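Asks: I'd like to go over a predicted model; first the sequence, then the structure.
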Amino acid sequence: MNARALLTSAWTEAKLFVREPMTVLFTLVLPLLFLLVLGGVFGNKPNSAWQGQGPVNFYVPAYLGLVWASVGLLVLPLHIVRYREDGVLRRLRASAAPKWAIFGSQAIVASAIALVGGAVLIAAAELTYHVRAPQSVAGVLGAWLLAGIVFAALGLLLSCVPTSRGVLGAGLGLFFVMMMLSGSGPPFKVMSSPLRHISNILPLTYVTRILEAPWLGTSLAWTDVGVAVGIALAAGTIAAVAFRWE
Amino acid sequence: MEPVIVADGLTKRYGNVAVVDGISFEVGRGEIFGILGRNGAGKTTTVECLQGLRRADGGQMRVLGLDPLTQAAELRKRIGSQLQESALPQRIKVWEALDWFASFVPGARDPGQLIERWGLSDKRTTHYSDLSGGQRQRLFIALALVNDPELVFLDEMTTGLDPAARHTAWDLVRAVRDAGTSVVLVTHFMEEAERLCDRVAVFERGKIVALDTPGALIAEHCKQITVRFSTGLDDLSWLAAVAGVDEMVKRNGSVEVRGSGAVLAEIGAALVSHGIRPPDLRADQPNLEDVFLSLTGRRSDE
């Protein structure tokens, strides 16, 4: 094990991330903006449409998941596919860089982005609407890590798409559909039946429910956890087989 | 001493086309070994197979005693690589790239020293995207050397360098070899191979058509030397009898004699004995480009 390879790679990647204003905007600013708009429209008074919760209280865990979705569906795969298109992956592969350090550093940076994005969201919700604290902090942390694993695996799967154009199209499409239908948009209760069917096949729907349970204090459906783990395993396995360095 | 590279019958096909067709050669420790040929001759594919970046379809390979495919991770700690068609992240700074690559192995070279040696001191904090082609090339060579490799692959390393930078790069590669690193130099640039390489393998259509020191290749394949001088004298028929002379052409006052062996010395002696002392007596020695032409029938840049 060469910890210096991992840490230097992660630090380098982190600096490269903050030099890309577009990705910073997408991961840190966009979810925040949506949450504040929803808060402005619906306020934070308990409401039956949001399972008797205040809308902002209800949306904060969903938006923690949405930040992970933006990292996994856009930032990570776009970064990797551009590395491949430019020949950076080719250069790294020919070097002495350990593969686990290359991917490990991406995981560290992705987690750091999601952590900062999540912290900004919670802080903004607290400042504007005195959002209710999570019922189980440990539960939220566990759910957040699982969310990260699901979207890291989906991100690796998307990075098998050969072109950055393809990744951008697929990633943006998936991101916006999930944003609308997975719990960070209209509540499941008010959706029409076809929309509910779509919602039920979206990974973020399960991730959102897993995050909501410990945050809101509702009961966790272990089938949701099973589905999320299954998605992560399937996506990760396909990505491991399909991944190309050049 | 054990060779750093042993390739035996190396073959790589794309579809039905063998781009590398049963190539065999060895590279000795401390050697600068040139791989010479036109675009598409199979040079880059060969070195990519040797680095475990491509899977060969046939033949045996050992690089530093390791199998490049199954022992790639171990091998890449001990070799350096400057590749064609590779890049760095657009927004990475020169010093960051060297620090990053230095972190991959324990006991890497000092990045600061490499930055200075390869003439990048004033570009230390410049983003990769803002470097010129020549600066990028020098950064890639520095990156190839940062793990203090036993063997370094340089693929078209002076492409994009201006003549002055090219000569500097040649001096630096000699210094790298003198410090104990073996060098495999892929080039289509004959002067570079002739000046730098201890031995060269001439690649043509996936095969090695000649392999020897540049001097031996020239002596074997291009025996002809052209001697030139000018004189006002009209009758030079006696020159045809001088040892080593094959033919003679005279235009106005300038004489061109083709021959082989020690023909320059023989002509010089004969001229002096006839009382002629041309101040511009000179010989055009054949070079690797002539070897290439005679071996493949075309020039290296065609």
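Replies: Sure, I can see it. Residues are numbered from 1 along each chain as shown, chains lettered A, B, ... in the order given.

Asks: CA atoms for contacts and neighbours, from now on please.
Replies: Fine.

Asks: what's the residue closest to the geometric middle of chain A?
Replies: The central residue of chain A, meaning the one whose C-alpha is nearest the mean C-alpha position (C-alpha atoms, centre = their mean), is A:Trp68 at 1.3 Å.

Asks: Could you measure from that residue over to chain B?
Replies: With the distance defined as C-alpha to the nearest C-alpha, to the nearest Å, A:Trp68 ends up 23 Å from chain B.

Asks: what ranges do the strands span in the stretch 201-302 of chain B?
Replies: Assignment of strands within the stretch 201-302 of chain B using DSSP state E, counting those that start in this stretch yields the ranges B:207-212, B:225-230, B:245-251, B:254-259, B:282-284.

Asks: Kindly reformat these as a markdown table and extend each row with mean neighbour count, distance to chain A and mean pLDDT.
Replies: What follows is the strands of the stretch 201-302 of chain B, written out as a markdown table (neighbours: other C-alpha atoms under 10 Å in any protein chain shown; distance: least, C-alpha to the nearest C-alpha, whole Å; pLDDT from 0 to 100):
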| stretch | mean neighbour count | distance to chain A | mean pLDDT |
| --- | --- | --- | --- |
| strand B:207-212 | 18 | 25 | 94 |
| strand B:225-230 | 20 | 44 | 90 |
| strand B:245-251 | 14 | 52 | 87 |
| strand B:254-259 | 18 | 49 | 89 |
| strand B:282-284 | 14 | 42 | 88 |
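
Asks: Need those strands in CSV (columns: distance to A:Gly217).
Replies: Compiled in CSV, those are given as follows (distance: least, C-alpha to C-alpha, whole Å):
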stretch, distance to A:Gly217
strand B:207-212, 72
strand B:225-230, 93
strand B:245-251, 101
strand B:254-259, 98
strand B:282-284, 91
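
Asks: Show me what residue of chain A gets nearest to chain B.
Replies: Taking C-alpha to the nearest C-alpha, chain B has its nearest neighbour within chain A at A:Gly87, 4.2 Å off.

Asks: ok, now which ones touch that residue?
Replies: When contacts are counted by C-alpha atoms under 8 Å, 6 or more residues apart in numbering or on different chains, A:Gly87 touches A:246, B:85-88.

Asks: For chain A, what is the nearest residue in chain B?
Replies: As assessed by C-alpha to the nearest C-alpha, chain A sits closest to B:Ser86 within chain B, at 4.2 Å.

Asks: Which secondary structure state does that residue sit in?
Replies: Secondary structure for B:Ser86, judged by DSSP: H, G, I helix; E, B strand; the rest coil, is coil.

Asks: Contacts only, for it.
Replies: When contacts are counted by C-alpha under 8 Å, 6+ apart, B:Ser86 is found next to A:86-88, A:90-91.

Asks: ok, and the most crowded of the residues you listed?
Replies: By neighbour count, taken as other C-alpha atoms under 10 Å in any protein chain shown, the most surrounded of these turns out to be A:Arg91 (26 neighbours).

Asks: looking at it, that one is touching B:Gly80, isn't it?
Replies: No: A:Arg91 is beyond contact range of B:Gly80, at 11.0 Å (criterion: C-alpha atoms under 8 Å).
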